[in-house]
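>>> Sequence and predicted structure, then a few things I'm wondering about:
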Amino acid sequence: MWPRCFSNVALVRKFPYNLPMHPFEASSKLTSKNQTTLPLEVRKALGASEGDRLVYRVLESGVVELTKDASVEANDRVVASYLEFLERDMVSRPSKMSPLVRHPESEKLLAGVEFEDWVTDSEQE
């Protein structure tokens, strides 16, 4: 679905921003070793799988937030920092996200560039 020029963006975890998340409640039991199994619904909501790191954030109100660790693995520290910043911003302010609208002049600039799975304006409608 990404243009070929974004083929290395696999470093960024995919968020289902366009899918509504319905609130739900799930529970699990704490073992004698202080371990628990995440319920399937929670794993799906987090997009978590075996080996993923989870982050627990305790807020002043006592509420505990559980998220999947969004650390970016990249060889370039600047790129990694920027991608982490973008992810934090998208998570904290999803209402600010909007679809990319291409400038009318972009067709001239992109002439001759091959894209894979690029959605055209006519396909979006």
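Perfect, I can see it now. Residues are numbered from 1 along each chain as shown.
>>> all strands of the protein, in order?
54-58, 64-68 (DSSP state E).
>>> Most tightly packed of those strands?
Highest mean neighbour count among these (mean count of other Cβ atoms under 10 Å): strand 64-68, with a mean of 12. Placement of C-beta: from N, CA and C, glycine included.
>>> any residues touching that strand, and which ones?
When contacts are defined by Cβ atoms under 8 Å, 6 or more residues apart in numbering, strand 64-68 is touched by residues 13, 42, 46-48, 52-59, 91.
>>> Same list (those residues) but as CSV, adding pLDDT and distance to E105.
Written out in CSV, the entries for the contacts of strand 64-68 read as follows (pLDDT from 0 to 100; distance: Cβ to Cβ, whole Å):
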residue, pLDDT, distance to E105
R13, 41, 33
V42, 89, 46
L46, 86, 41
G47, 84, 37
A48, 86, 42
D52, 84, 42
R53, 86, 43
L54, 90, 45
V55, 89, 42
Y56, 90, 47
R57, 89, 44
V58, 90, 49
L59, 88, 46
V91, 86, 32
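>>> For this protein, which helix or strand comes out least confident on mean pLDDT?
helix 121-124 (a mean of 55; mean pLDDT, DSSP states H and E).
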